[in-house]
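**Q** Give me the fold of what follows.
(2 chains)
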Amino acid sequence: MISYNPSKIEKKWQKYWAEKNIFASEVDKKQKKFYVLEMFPYPSGDIHMGHVRNYTLGDLVARYKRANGYNVLHPMGWDSFGLPAENAAIENNVDPKYWTEKNIKNMKNQLKKMGLSYDWKREISTCDADYYKHEQKIFIDFYKNGLAYQKETIVNWDPVEETVLANEQVIDGKGWRSDAIVEKKRMKGWFLKITEFAEDLLKDINNLKNWPEKVKLMQKNWIGKSFGAHIDFHIKEINDKITVFSTRPDTLFGASFIAISPQHRLVEKLKNDYPEIEKALTKLEFKNTNEQNLDRIEKIGILTPLKASHPFEKNKLISIFIANFVLIDYGTGAVFGCPAHDQRDFDFAKKYNLEIIEVVSKEKNKRIRNNLTCAYAEDGYLINSGFLNGLTVNEAKEVSIKKLEELNLGSRSINYRLKDWGVSRQRYWGCPIPIIYCKACGIQTVPEKDLPVKLPEKVDLQKSGNPLSKQSDWINVKCPKCSGNAKRETDTFDTFFESSWYFARFTDPQHNDAINKKNADYWLPVDQYIGGIEHAVLHLLYSRFFIKAMNKLKLINLNEPFTSLQTQGMICHQTYKNSNNEWQFPKDIIKENDKFFSIKDKSKVYPGRIEKMSKSKKNVIDPTTIIDKFGSDTARFFILSDSPPQRDMEWTDEGVEGASRFLKKVWQLINADNYVNIPYQKIRHSDQSDFNILLCTYKTIKYVTQAIDNFHFNLAIANIRILFNELNMYKVRTKNNRIIKKYCISNFLILLNPICPHMCEESWEILGNQQSISFSPWPKVDLEYFNENQVILPIQINGKRRSEVKISKSLNKKEIEKLVLNHQAITKFLVQPPKKIIYVPNKIINIVI
RNA sequence: GCGAGCGUGGCGGAAUAGGUAGACGCACUGGACUUAAAAUCCAGUGACCAUAUUGGUCGUGGGGGUUCAAGUCCCCCCGCUCGUACCA
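**A** Numbers count the residues shown, from 1 in each chain, chains lettered A, B, ... in the order given. Down below sits the predicted model:
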């Protein structure tokens, strides 16, 4: 028998699929479509295990849906703009374009070795001008329709990357890539009006039935809708006002101070008028930026000499503080403090010795307790609040808002935490923003005929700051309107811009416009999207926004891009350290008698925690090495077999070897007999053994189908293994036995094919089939086999299983009771007559004594 | 702090709608083959007791409850993981 040689058969079938274009797909309105997409990678150089998991999941779905008669779209491309290319350029003095293209070539080869069923003719790379010219056009459309605008704001500045970050890219006060503490800086930049869709983005989350609850919740929290009121506090001395946003207008009578953010508009004025404030403020801002990552910074306020009038009590004046805990980004950058009913305000009041007025009481008409030890934030009835007294919190909210509106001192309002998306980046390796600044004509968009605005080549990246701003030959252009001297915008887009619409471009990547509506209408939305949870808000929210915006501009006819979303868990591996506490690569370690040693110098190595694979901890396994050694089918099988996709999984040598062992055994099963001249035919069983193997086959078809539909691929594999074990034990004595065995093996292969396609193609051929297994329809169950007339009935005494009995389904309750009560293992328990007998037909019987 | 999720053998994990807990695999143990090892094959494998069975007790983080019956439902508690963080 020829031994299983994965590298040979995998090359053979990869070549076959490519040459025959098996996985190319075209619009075909007669066929039902299925669009499966995995998040496309950044071409960093090599694929890692996370990619292997992601793309194996997608490939399984694609092949499964194909077998189920769908016209499947399964494309792949490259998210190829981004900072690593620039960093590599600086470090190794290579052109980012060259570096990126080389990486793409390499990673594409690696992906091809995995045997993924992509339609490679649809491949796109976002750094190609052919791709980003459409993006520039989309931006211009956004701009012309008021969905993109320029403004000066306080931005998140990453001092290491020397660029602006979106709020979403700031994690724990640090840059999401650089880990540097983010600074606040005033800058001009381009923004997309995502807030215009805040309500739609929030509301439509409810339609995303097949998204993980967790992701939906994260998006809801990110959008952060809250109901309340804008309230004006007038400052007579300077004839100005402070507008605050509050969700608790009912507690207005308990207001004892106003706090504004250090970045608030009024602060500039105060700084000029009162030097001592400016002085105090430098200290405050120091705290604000540098210690933000410490647990909770101390709440500090600077008392200003100004006083504001209370909207309901004309004679009451309220102190105004500049406080470090008030966020300029949220609401109006100003709040009123009600210490009795907000813990933060309470702490602040205690510190600065401010009045604490209780205005909500738990019980109706209850008097004040006076000695609050903490704020009371729960429901209750209003007290000490003039016209609001006696009302519930909710009633008081309504009444106070109405009153504010009457007095023209405020209004009902809804606030969102979501801010407009700042897309300007001071980087070279990104899509140029198609804008021209003319002294005479102002901001001009680049005319469509001049698109794309291509990135200049041979740029010096060694200098710090924005590289494009130093390219004078590129910057200087003629104004499209007056033909006078003008300058290009030197910022490039945030790279999330590219990934916000690539899935739509895949539907016709060569089309002259960004979107071929005819194709998009057929293929979109993406039926199954698969990727990492880390994109729960960033990429997934931006993409939803893009689709809604493009829909509004009639560029696309779609409301939500992704019907079903699955997020995969991380891949973990044991960590190792040597005696110098240095991380060690698993590939450099050998295990002897449960102890670990370095392969190089035999020194002792100590195993550490099982952690998420990361380059820094060196606990990585190179997929290419695994594929070269065991074959892609083994890697695919193992990565699916151990854990459900959503959960983290541990990569172990033993696991891979177990997978490899299984495939070798399948190979032996296929090659142990010659089935070429046996018909692939469904025939009836003639004895119990035939019946059992057919029943097992049909059960497996049923369970594997269910498991794949529910994204429980580990269960699919468990069931496939059960069928395999049965097939291995099935004895062939007659010609009919062999026909049955071939039939069952064939179905087994079709079930295994989405997981291990190369081995299944080869086996399929060995069985004597002329056509690729990729064209074999998913098998169907024969329900007749599920109508067994006998069933094993467990017998319980007082809920405890004591025995079981084989019964015929045709027996009635009386007959079964009689049978069970006379069962020899049961009679000994029946010292007294049973009190009660519960019989669940064909499932269980419980005797209560 | 808030929000979400999870907790089942030595390990990864199964268990439709409350109905035989531990499927499938990994690891381990014993046996066969071998001069030997590896590989492979066969058998066993939740814990404890036992007259060693085809017997029994316990057992799904802990405690209580509902039910004929609870991993699954309800209440309280503990632990872990993830997300988020002054959101007014």
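**Q** pLDDT weak spots in chain A?
**A** For chain A, applying pLDDT under 70 flags the ranges A:168, A:284-297, A:365-371, A:464, A:593.
**Q** Could you tell me how many residues sit around A:Asn677?
**A** Residues near A:Asn677, counting by other Cβ atoms under 10 Å, number 7. Bear in mind the C-beta positions are built from the backbone N, C-alpha and C, glycine included.
**Q** Then A:Gly331?
**A** Using other Cβ under 10 Å, A:Gly331 has 22 other residues around it.
**Q** Could I get the contacting residues of it?
**A** A:Gly331 is in contact with A:Val244, A:Phe245, A:Asn415, counting by Cβ atoms under 8 Å, 6 or more residues apart in numbering.
**Q** Compare those and tell me which is most surrounded.
**A** Highest neighbour count within the contacts of A:Gly331: A:Val244, with 26 neighbours (other Cβ under 10 Å).
**Q** Nearest to RNA strand B among the contacts of A:Gly331?
**A** Nearest to RNA strand B out of these is A:Phe245 (Cβ to the nearest atom of the strand; 5.4 Å).
**Q** what's the neighbour count on A:Val267?
**A** Counted with other Cβ under 10 Å, A:Val267 comes out at 20.
**Q** Hmm, it is touching A:Leu281, no?
**A** Yes: if you go by Cβ atoms under 8 Å, A:Val267 and A:Leu281 touch, sitting 7.2 Å apart.
**Q** who touches both of these two?
**A** Contact criterion Cβ under 8 Å, 6+ apart; residues bridging A:Val267 and A:Leu281 by contacting each: A:Ile322.
**Q** Export only the CA atoms of stretch A:160-169, formatted as PDB.
**A** Listed next in PDB are the C-alpha coordinates belonging to stretch A:160-169 (Å, rounded to 0.1, in the frame of the first residue of the first chain):
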ATOM      1  CA  VAL A 160       5.800  57.700  18.800                       C
ATOM      2  CA  GLU A 161       3.900  57.200  15.600                       C
ATOM      3  CA  GLU A 162       3.700  61.000  15.100                       C
ATOM      4  CA  THR A 163       0.200  60.800  14.000                       C
ATOM      5  CA  VAL A 164      -3.400  61.400  15.100                       C
ATOM      6  CA  LEU A 165      -5.500  58.500  16.400                       C
ATOM      7  CA  ALA A 166      -9.200  58.000  16.400                       C
ATOM      8  CA  ASN A 167     -10.900  57.600  19.800                       C
ATOM      9  CA  GLU A 168     -11.300  54.000  18.900                       C
ATOM     10  CA  GLN A 169      -7.600  53.600  18.500                       C
END
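**Q** Dump the contacts of A:Gly331 to TSV, plus distance to A:Phe546 and secondary structure.
**A** As requested, the contacts of A:Gly331 are arranged in TSV below (distance: Cβ to Cβ, whole Å; DSSP: H, G, I helix; E, B strand; the rest coil):
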residue	distance to A:Phe546	secondary structure
A:Val244	34	strand
A:Phe245	28	strand
A:Asn415	24	strand
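**Q** for those residues, which one is nearest A:Arg53?
**A** A:Asn415 (39.8 Å; Cβ to Cβ).
**Q** Might you report the residue contacts of that closest one?
**A** A:Lys225, A:Ser226, A:Gly228, A:Phe245, A:Tyr330, A:Gly331.
**Q** burial count for the nearest residue to the fifth one once chain neighbours are set aside?
**A** Just to be clear, that refers to A:Tyr330. In space, not counting the residues next to it along the chain, A:Tyr330 is nearest to A:Arg417; the distance is 6.4 Å by Cβ to Cβ, 6 or more residues apart in numbering. Neighbouring residues of A:Arg417 were enumerated by other Cβ under 10 Å; the total is 16.
**Q** cool, the one 4 residues further on as well?
**A** Neighbourhood size, A:Trp421 [other Cβ under 10 Å]: 22.
**Q** in a helix, that's where A:Phe191 is, yeah?
**A** No: secondary structure assignment places A:Phe191 outside any helix; it is strand (DSSP: H, G, I helix; E, B strand; the rest coil).
**Q** Confirm for me that it is in contact with A:Phe493.
**A** No: taking contact to mean Cβ under 8 Å, the distance of 11.8 Å between A:Phe191 and A:Phe493 leaves them out of contact.
**Q** Quick check: neighbours shared by those two?
**A** What both A:Phe191 and A:Phe493 touch, as defined by Cβ under 8 Å, 6+ apart, is the set A:Val423.
**Q** Just read off the phi/psi values of the residue of the stretch 351-500 of chain A found nearest RNA strand B.
**A** Residue nearest to RNA strand B within the stretch 351-500 of chain A (Cβ to the nearest atom of the strand): A:Arg417, separated by 3.7 Å. Comment: the main-chain dihedrals of A:Arg417 come out as phi -80, psi -30, following degrees, to the nearest 10.
**Q** Let me see the contact set for it.
**A** By Cβ under 8 Å, 6+ apart, the contact list for A:Arg417 reads A:Asn221, A:Trp222, A:Ile223, A:Gly224, A:Lys225, A:Ser226, A:Tyr330.
**Q** A:Pro841 now?
**A** When the contact criterion is Cβ under 8 Å, 6+ apart, the partners of A:Pro841 are A:Lys813.
**Q** And the closest residue to A:Met114 other than its chain neighbours, how close does it get to A:Thr56?
**A** Leaving aside its chain neighbours, A:Met114 sits nearest to A:Ser632 (4.9 Å; criterion: Cβ to Cβ, 6+ apart). Distance check for A:Ser632 against A:Thr56: by Cβ to Cβ, to the nearest Å, it reads 9 Å.
**Q** same thing with A:Lys32?
**A** As for A:Lys32, its distance to A:Thr56 is 24 Å (criterion: Cβ to Cβ).
**Q** quick one: which of these two has more around it?
**A** Between A:Lys32 and A:Thr56, counted using other Cβ under 10 Å, A:Thr56 has the larger neighbour count: 27 against 11.
**Q** contact partners of stretch A:444-459?
**A** Residues outside stretch A:444-459 that contact it (Cβ under 8 Å, 6+ apart): A:95, A:97, A:129, A:132-133, A:136-137, A:140, A:143-144, A:428-429, A:432-438, A:467-468, A:470-471, A:473-474, A:479-481, A:486, A:488, A:492.
**Q** Report the separation between the two terminal residues of that stretch.
**A** Distance between the two ends of stretch A:444-459: 25 Å, counting by Cα to Cα, to the nearest Å.
**Q** For it, buried residues please.
**A** Using 16 or more other Cβ atoms under 10 Å as the test for burial, stretch A:444-459 gives A:Gln444, A:Thr445, A:Val446, A:Leu451, A:Pro452, A:Val453, A:Leu455, A:Val459.
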